[in-house]
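[1] With the input below, show me the fold.
(2 chains)
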Amino acid sequence: MSQIRKNPSDQKRDSVLRKDGADVEAFRRIGRLKISGKKDDLTGDLQFMAEYKYDSYEIYSPVKKFLPSLLEWLTQFKSKTEKETALLLIRKLLFVSRKEILELSQITFQSILRELLEEIVRVDKLSPFDYSTAFRKLGPFIRDNCVFIAMSDGAQIDYFRRHSNELIENDQVVPYYKLDEQEVRKFSKAKYAFLVDDMCGSGKTFLRVETQGNKRAVTGQLPRFNRIWGSTVHFKAIYYCPYLMAEKGLQYLEQKINGPHRLEIPGPKLPEFRFLYGMAIPQDYSILSSKNRLFNRKERLRLIQLCRRYYDKRVENPATMKGGGCKFGFGQVGVFLVRYNNTPNNTPSILWYSSTENALFKRLVRHQK
Amino acid sequence: MVQLDGERALQAISEAPKVMARYFRGDYGFKVDFEGPLDFEVFFQKTQIGALNFLAGCGFESRTVVIMQWLTRVTNLKVSCKIVDLLNRQDPQYPEASKLQRRNMDTMVEIAEEETWPFDRIATNLYTEETLAHQPVLNSLRQALATKTRSDFLLDISSLPRYIVLPALRVLWESSSVRNLLVAYTEDPSVWALEHQATRFRKPAFVPLFSSPRPARNFSVWFPILGRDKTPIDMILKSISFGDTYPVVGFPSTRPIETDQIVRLHRNILADNTENIVFASMNDPFQLSMRLNGAIDEIRNVFGEEARIVISPHGSKPQSVGVFLTAMLRGVPLVYCPPFSYRPKQGKIGPSHLYWVKGTPYGKRREDPYL
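    Numbers count the residues shown, from 1 in each chain, chains lettered A, B, ... in the order given. Below is the predicted model of the structure:
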């Protein structure tokens, strides 16, 4: 444990500068680029932020981390104003680090816990707000009634379980929802399913309608889950619990699952369906929203222009086209979000795709079809 | 070293009989977010609270009156108001602030008259050099609590400064006359959680009733809750040396960009401490308290009572409620730079939240020292 020194940042920065030659050189060159606006304001804390979180992007190689990638990315923009706009984007970037995702996993668990306390009060007909009694019953209630199911490996369900104050046991956790019938049968007495995932952007990976010729099919994770689990386990309620949830995705799913014009989900009739999440990404963070709170009107329009001008059609494949393409992100989410282990395709492609390999936060693609 | 404001008050409060029964203990907390007055009305009807003591500040912001207006919608609720008048002629911002504040005070008085609610206006010496404004508020509360009748309190912290909120909460938390203690907070969407209305700050001081009864030891640990203003944190750093620092950064937040804004702003203290950053919710005091309790327990498990722990509540208002809970549960002193003056901006009205810190949702337990 260290003593606090006056101006420790300078010392730290010096040691970082000595250590990381490529980063220093990249930062110097960024400083020499012709950029309109207040360059110092836009670049002043880049080194600090690189070290604090951006360098931890898991797709980076040890020799080319954030600052060299930024230099390369910036040079593609032709005008001074475009470079300024690109730097402005970085200043308002939502980069969710591994530490933050793990924090959200615990926050999501807390939301689940509150919901369960409320449910115990309801089910056991306790007096309103008698959470004290409900809390005493919580452990057995979870053991007898709940199953926690990961929808992807990003859910880090193991960490989720380990930080549940020993309320969730190993055999109540399913590392991936696609199980065979025999395995599903082990949970036949469960009444509450918690579908845990790291992120929900547009909501279309979870639930969407696909049209092929004259055929219209409701597909996605939820119909698949319902087909696999629905006929064996008769849940009283299903909770979708992403750690990060875009408001756009939440609105879409609410409408398609619980709204008056809800989709007919293949498989058995869905029980009560609710949403719990760790953090919401507000709709007004989208550059497509005229009420955007991150950028003023002029900045927002410049960003839209930048996304259009440097959009590379080669990013698209049949899978991305299901969500309307990636110019402003899959499902037109329009939020500049980067996750430590990959950039979601809901982020405008300017940040993660380039056919010349100079994407700032290169994305690893999972689905091509 | 820091000024020892509140030392005498601490002694006075420790002499008072302590009977605590049901309160948040760090395992679960009760909070509710209101979309509008209807939610608030439904919630209050469900609590079955019939008579309520309402304590709020009357400042210049529009959100000042929201909770009081909502209380009028709850049928059969008898409300007794204590309104802290937050104006002072010595404030350089007085001419501008007074126009806005007077309007709010008129509204509050009008509501009380129409509803025939008892209305106690508490004048404070806010912004003066010598004294802090908590004393008249605490006097008024103690007077009300002198009766043996048990009662329920709602404290609206939207416009109240922390050096009033924190000691007031302590008095109410420790009083056996208080059955339910609820805290309400209305956000200002023009600043969200990161309020920055304060313009100048006093020297670091213990928050009244949260001073340290023990002298400084060799090893001290500081948990600064970082907010929108860098000045108070820098002032504390210049005045006091700490053995180790665990900066607390608000995460998650209803405005996710705020976390990185805080990190960028405080990079001078974070550059050497990024591994020490403690994330704790910007909007959920219970989660923040659980996180701090865990960190403090870990430090004390290793170093015992030799480790002197200090928290500085300079983050969001809900975070300060969380700091209060930890200070009570773990006996931690609070060091804070009180503001001298505030920018008189009317602001906007955002969502309201309620944190139930003591009462019905929490049970009595055998290990309680005061039972």
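
[2] The spatially most central residue of chain A in helix, strand or coil?
    Centroid check for chain A by C-alpha atoms, centre = their mean gives residue A:199 as the closest residue, at 3.4 Å. For residue A:199, the assignment made with DSSP: H, G, I helix; E, B strand; the rest coil gives strand.

[3] how does the chain divide up, domain by domain?
    Just so you know, I chose chain A. Listed by automatic domain parsing, the domain ranges of chain A are A:9-91, A:98-281, A:287-369.

[4] Can you look at chain B instead?
    Listed domain ranges for chain B are B:7-194+B:346-358, B:198-342 (source: automatic domain parsing).

[5] could you dump the ones you listed to CSV with mean pLDDT and distance to chain A?
    Where C-beta positions appear, they are placed from N, C-alpha and C, glycine not excepted. Converted to CSV, the domains of chain B look like this (pLDDT from 0 to 100; distance: least, C-beta to the nearest C-beta, whole Å):
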stretch, mean pLDDT, distance to chain A
domain B:7-194+B:346-358, 86, 5
domain B:198-342, 91, 4
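
[6] Pipe these into JSON lines and attach mean neighbour count per row.
    As requested, the domains of chain B are exported to JSON lines (neighbours: other C-beta atoms under 10 Å in any protein chain shown):
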{"stretch": "domain B:7-194+B:346-358", "mean neighbour count": "18"}
{"stretch": "domain B:198-342", "mean neighbour count": "21"}
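
[7] Columns distance to residue A:354 on top of those, output as CSV?
    As requested, the domains of chain B are exported to CSV (distance: least, C-beta to C-beta, whole Å):
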stretch, distance to residue A:354
domain B:7-194+B:346-358, 35
domain B:198-342, 25
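
[8] Show me the one of the ones you listed that comes nearest residue A:69.
    When the domains of chain B are compared by C-beta to C-beta, domain B:198-342 sits nearest residue A:69, at 18.4 Å.

[9] Helices of the chain, residue ranges please.
    Using chain A. A:8-19, A:21-32, A:39-43, A:46-52, A:66-75, A:80-91, A:98-123, A:131-145, A:157-162, A:181-185, A:221-229, A:247-253, A:297-309, A:318-321 (DSSP state H).

[10] Chain B was what I was after
    B:7-15, B:37-47, B:66-71, B:94-115, B:134-145, B:162-174, B:231-239, B:257-265, B:267-270, B:285-303, B:317-330.

[11] now for those helices, which one comes closest to residue A:39?
    Proximity to residue A:39 (C-beta to C-beta) singles out helix B:257-265 among those, at 16.2 Å.

[12] Now do the closest residue to chain A within chain B against residue B:326, distance only.
    Nearest residue of chain B to chain A: residue B:363, at 2.8 Å (C-beta to the nearest C-beta). For residue B:363, the distance to residue B:326 equals 20 Å [C-beta to C-beta, to the nearest Å].

[13] can you check residue B:47 too?
    Taking C-beta to C-beta, one finds residue B:47 at 25 Å from residue B:326.

[14] How about the stretch 251-369 of chain A: which residue is closest to chain B?
    For the stretch 251-369 of chain A, C-beta to the nearest C-beta, closest residue to chain B: residue A:279, 3.7 Å.

[15] Lowest average confidence across the domains of chain A, which one?
    Lowest mean pLDDT within these: domain A:9-91, a mean of 88.

[16] mind listing what the residue of the stretch 251-369 of chain A closest to chain B touches?
    Counting by C-beta atoms under 8 Å, 6 or more residues apart in numbering or on different chains, residue A:279 touches A:104, A:107, A:243-245, B:252-253, B:256.

[17] and stretch A:325-345, is it in reach of chain B?
    No - on the criterion C-beta under 8 Å from any C-beta of the partner chain, stretch A:325-345 is out of touch with chain B, staying 8.8 Å away.

[18] Columns distance to residue A:57 on top of the contacts of residue A:279, output as JSON lines?
    Converted to JSON lines, the contacts of residue A:279 look like this (distance: C-beta to C-beta, whole Å):
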{"residue": "A:104", "distance to residue A:57": "18"}
{"residue": "A:107", "distance to residue A:57": "23"}
{"residue": "A:243", "distance to residue A:57": "18"}
{"residue": "A:244", "distance to residue A:57": "16"}
{"residue": "A:245", "distance to residue A:57": "22"}
{"residue": "B:252", "distance to residue A:57": "20"}
{"residue": "B:253", "distance to residue A:57": "22"}
{"residue": "B:256", "distance to residue A:57": "18"}
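
[19] Which member of the residues you listed is positioned nearest residue A:70?
    residue B:256 (21.5 Å).

[20] Next, count neighbours for the closest residue to that closest one other than its chain neighbours.
    Spatial nearest neighbour of residue B:256, excluding adjacent residues (C-beta to C-beta, 6 or more residues apart in numbering or on different chains): residue A:94 at 5.6 Å. Number of residues near residue A:94 (other C-beta atoms under 10 Å in any protein chain shown) recorded here: 20.

[21] And the one 3 residues further on, by the same measure?
    Neighbours of residue A:97 under the rule other C-beta under 10 Å: 20.

[22] Quick one: residues contacting it.
    A:53, A:56, A:340.

[23] same thing but at 10 Å, please
    Taking C-beta atoms under 10 Å, 6 or more residues apart in numbering or on different chains as the criterion, residue A:97 is in contact with A:52-54, A:56-57, A:103, A:338-341, B:251, B:259, B:279.

[24] from these, which ones fall inside strands?
    Secondary structure defined by DSSP state E assigns A:338-339, B:279 of those to strands.

[25] would TSV of those with distance to residue B:25 be doable?
    TSV is the format used below for those (distance: C-beta to C-beta, whole Å):
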residue	distance to residue B:25
A:338	38
A:339	35
B:279	22
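
[26] in the stretch 151-300 of chain A, which spans are strands?
    Ranges of strands within the stretch 151-300 of chain A are A:173-174, A:192-200, A:208-212, A:215-219, A:237-246, A:272-275, A:279-281, based on DSSP state E, counting those that start in this stretch.

[27] List the strands paired with the last one, with their directions.
    Yep, that's strand A:279-281 we're talking about. As defined by DSSP bridges, the strand partners of strand A:279-281 come to strand A:237-246 (parallel).
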